[in-house]
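J.: sequence and predicted structure below; questions after.
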Amino acid sequence: MTTIGIILAVILLDGGFRVAAIVALLVFEAIEIFIWLRWRKRRSITGAETMVGERGLVVSDCRPSGQVKVRGQLWSARCLDGDAAVGESVIVTAVHGLKLEVARH
């Protein structure tokens with residue numbers, strides 16, 4: 001895209017406008033490359049393991065198993081430190097398939 005812009009600037013613009021347009025396009029391209037290189041270094045944040053540390057809300061009593069709502073979704077859960085009643089806040093400590101291990105918060 002920048003190459004096309006530079007070619008058009010050379011063909012259509014005169015003098016100082018040509019130089020200004022080319023410099024602006026090169027600065028834009030340098031910023032774009034910088035942003036892409038920064039994003040490339042980021043780790044992917046997908047998968048069930050990203051649930052660890054999330055807060056949830058108990059929907060059905062966890063004594064020791066029940067259901068919790070985390071990120072707007074219902075999950076089967078097992079409460080590690082005793083019981084958790086409906087409405088209590090919990091934190092996800094581990095994920096085992098489709099079942100979460102939670103602790104009261």
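T.: Arrived safely, thanks for sending. Everything quoted here is computed from the prediction, not taken from an experiment.
J.: ok, the helix or strand that contains residue 68: who's next to it in the sheet?
T.: Using DSSP states H and E, residue 68 maps to strand 65-70. Next to strand 65-70 in the sheet, as set by DSSP bridges, lie strand 55-60 (antiparallel), strand 73-79 (antiparallel).
J.: just checking, next helix/strand downstream of the last one?
T.: Going down the chain from strand 73-79, the next helix or strand is strand 89-96, by DSSP H and E.
J.: now the angle from the helix or strand immediately after that next one in the chain to strand 73-79?
T.: Counting by DSSP H and E, the next helix or strand C-terminal to strand 89-96 is strand 99-104. Using axes from the mean of the first three to the mean of the last three CA atoms, to 10 degrees, the inter-axis angle of strand 99-104 relative to strand 73-79 is 70 degrees.
J.: and strand 99-104, average pLDDT?
T.: Across strand 99-104, the average pLDDT comes to 93.
J.: and the contacts of it?
T.: With CB atoms under 8 Å, 6 or more residues apart in numbering as the test, strand 99-104 has contacts from 51, 56, 62, 68, 70, 75-82, 84, 88-95. C-beta coordinates here come from the backbone N, C-alpha and C atoms, glycine included.
J.: try stretch 69-82
T.: In contact with stretch 69-82 (CB under 8 Å, 6+ apart) are residues 51, 54-59, 62-68, 90, 92-93, 98-104.
J.: buried residues, it. List them.
T.: 70, 75, 77-79 (16 or more other CB atoms under 10 Å).
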